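1. Sequence plus predicted model, see below.
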Amino acid sequence: MKVIRNLPTLTRAPHPVLTIGNFDGQHLGHQALLTAVVEMAKCQQGTSMVLTFSPHPSKVLAPGKALQFLTLAEEKVEFFEKLGVAELVILEFSRQLASLTPEEFTAKVLRDGVGVRDLLIGENFVFGKGRSGNVQDLIKLGAEANFHVHPIAPVKIDGDVVSSTRIRKLLQAGQVKAATQCLGRPYRLSEQVIPGENRGTQLGWPTANLRIAPQRVIPADGIYATMAYVQGEWLPSVSYIGSRPTFVEGERLLEVHLFDQDRSLYGERIQVSFIDFIRGDKQFPNADELRRQIEHDATQARTILQKWNTGLSQNPEPLSFYTPTLH
């Protein structure tokens, strides 16, 4: 996949078939839209393209707002490539860009910049200064600029639209199975293992400790049945998110116990996929009661994971942190 920073300045790709968005999470709605782009580009013998923005528009328009994302920038790039997108245009988002009217954005970015011929967007797409342009405006402006606009209906589960906002709320409520339905795969976090206080080891349940970046969406505090990608293989595990209230509360971490393993993992990057929620975080009166609860949690996690098909076809492919070629 070719990655282009800002608008193309070289020879344009043949018959660009484009979609626009931030695509946080790459959920089922995003996948449907991107698949439609790739398929239309094949039919038109054209080029499938994505136009996205960096930094996230909210960082420019609401700099004091705390943002949390379902995917990191490098993860999104890899997902685009795996879905078959041929070209990714990453446009620098600025107040100047945000000030463009719908007419100016259509002319300067879509017509003169990308040279789009077919544009696929969600039915609720808005654009231009103050989000003043809608799909009907874009259809009219596209016709004047000699490109076709194709609105795509949203994907719905249980009658509600699949969206990044919905998935964030599900995860923050601990509803990881429902989030999996919307994402089409288990939600996952990836970080390097850091030294901990060895409390897990003292309790007989050693853990790999991960400090999750504050800009990531983190599931609710509690215990989860998880799969961990470690040193080239997926391993069943039970994981804890929280600040260990039974002891002196500390930093909020993700702690992962690998079943039936004895590995030194300090400095290793591991990926954790959240399969199911077991229970919320809780303070125990002493370490012995905590130990007994951990044993119960681990038994539940094993049962969940045994029922869940742990074949490779059911696990998300591990991220390789694909390094794109810049043009």
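-> Yes, it's here. Numbering: from 1, shown residues only.

2. Return the residues in contact with the nearest residue to Ile270 once chain neighbours are set aside.
-> Leaving aside its sequence neighbours, Ile270 sits nearest to Val230 (CB to CB, 6 or more residues apart in numbering; 4.9 Å). Using the backbone N, CA and C atoms, a C-beta is placed for each residue, glycine as well. By CB atoms under 8 Å, 6 or more residues apart in numbering, Val230 lies in contact with 208, 258, 261, 263, 265, 268, 270.

3. do that again at 10 Å, thanks
-> Applying CB atoms under 10 Å, 6 or more residues apart in numbering, we find Val230 in contact with 193, 208, 237, 256, 258, 261, 263, 265, 268-272, 318.

4. Same question for Glu103.
-> 128-129, 133, 137, 140-141, 144-145.

5. now do Gln261
-> Contacts of Gln261 (CB under 10 Å, 6+ apart): 206, 208, 228, 230-231, 235-237.

6. how about a cut-off of 8 Å?
-> 230, 235.

7. Roughly how far does it sit from Leu253?
-> Separation of Gln261 from Leu253 (CB to CB, to the nearest Å): 19 Å.

8. Kindly report the same for Leu28.
-> Counting by CB to CB, the gap from Leu28 to Leu253 is 30 Å.

9. got it, and Lys156?
-> Where Leu253 is concerned, Lys156 sits at a distance of 36 Å (CB to CB).

10. ok, now His27?
-> Counting by CB to CB, the gap from His27 to Leu253 is 26 Å.

11. Same check on Pro16?
-> Pro16 is 45 Å from Leu253, by CB to CB.

12. Likewise for Val149?
-> Taking CB to CB, one finds Val149 at 47 Å from Leu253.

13. Could you do Leu33 as well?
-> 35 Å.

14. Would you mind giving the secondary structure of Gly130?
-> What DSSP: H, G, I helix; E, B strand; the rest coil gives for Gly130 is helix.

15. confidence score at it?
-> According to the prediction, Gly130 has pLDDT 91.

16. How about Thr323?
-> pLDDT, Thr323: 33.

17. quick revisit: tell me which of the contacts of Glu103 fall in helices.
-> Within the contacts of Glu103, residues falling in helices by DSSP state H are 137, 140-141, 144.

18. Can you flag the buried ones in those?
-> Neighbour counting over these (16 or more other CB atoms under 10 Å) leaves 137, 141 as the buried ones.

19. can you redo the ones in helices among the contacts of Glu103 as a markdown table with pLDDT and distance to Ala41?
-> Shown next, in a markdown table, are the ones in helices among the contacts of Glu103 (pLDDT from 0 to 100; distance: CB to CB, whole Å):
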| residue | pLDDT | distance to Ala41 |
| --- | --- | --- |
| Asp137 | 96 | 24 |
| Lys140 | 97 | 24 |
| Leu141 | 97 | 22 |
| Glu144 | 96 | 23 |
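
20. quick check, nearest of the ones in helices among the contacts of Glu103 to Trp308?
-> Taking CB to CB as the measure, Asp137 is the one of the ones in helices among the contacts of Glu103 closest to Trp308, at 45.8 Å.

21. ok, and the closest non-adjacent residue to the closest one?
-> Closest to Asp137 by CB to CB, 6+ apart is Pro102, at 5.4 Å.

22. and the one you found, what is it in contact with?
-> 127-129, 132-133, 137-138, 141.

23. Go again with 6 Å.
-> Contact analysis of Pro102 by CB atoms under 6 Å, 6 or more residues apart in numbering lists 127-128, 133, 137.

24. swap in Pro219?
-> Contacts of Pro219 (CB under 6 Å, 6+ apart): 171, 174, 176, 274.

25. Can you say which of those residues are buried?
-> Buried, going by 16+ other CB under 10 Å: 171, 174, 176, 274, out of those.

26. Would you mind giving the residues you listed as JSON lines with pLDDT and secondary structure added?
-> Below are the buried ones among the contacts of Pro219 laid out as JSON lines (pLDDT from 0 to 100; DSSP: H, G, I helix; E, B strand; the rest coil):
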{"residue": "Leu171", "pLDDT": "97", "secondary structure": "helix"}
{"residue": "Gly174", "pLDDT": "97", "secondary structure": "coil"}
{"residue": "Val176", "pLDDT": "97", "secondary structure": "helix"}
{"residue": "Phe274", "pLDDT": "97", "secondary structure": "strand"}
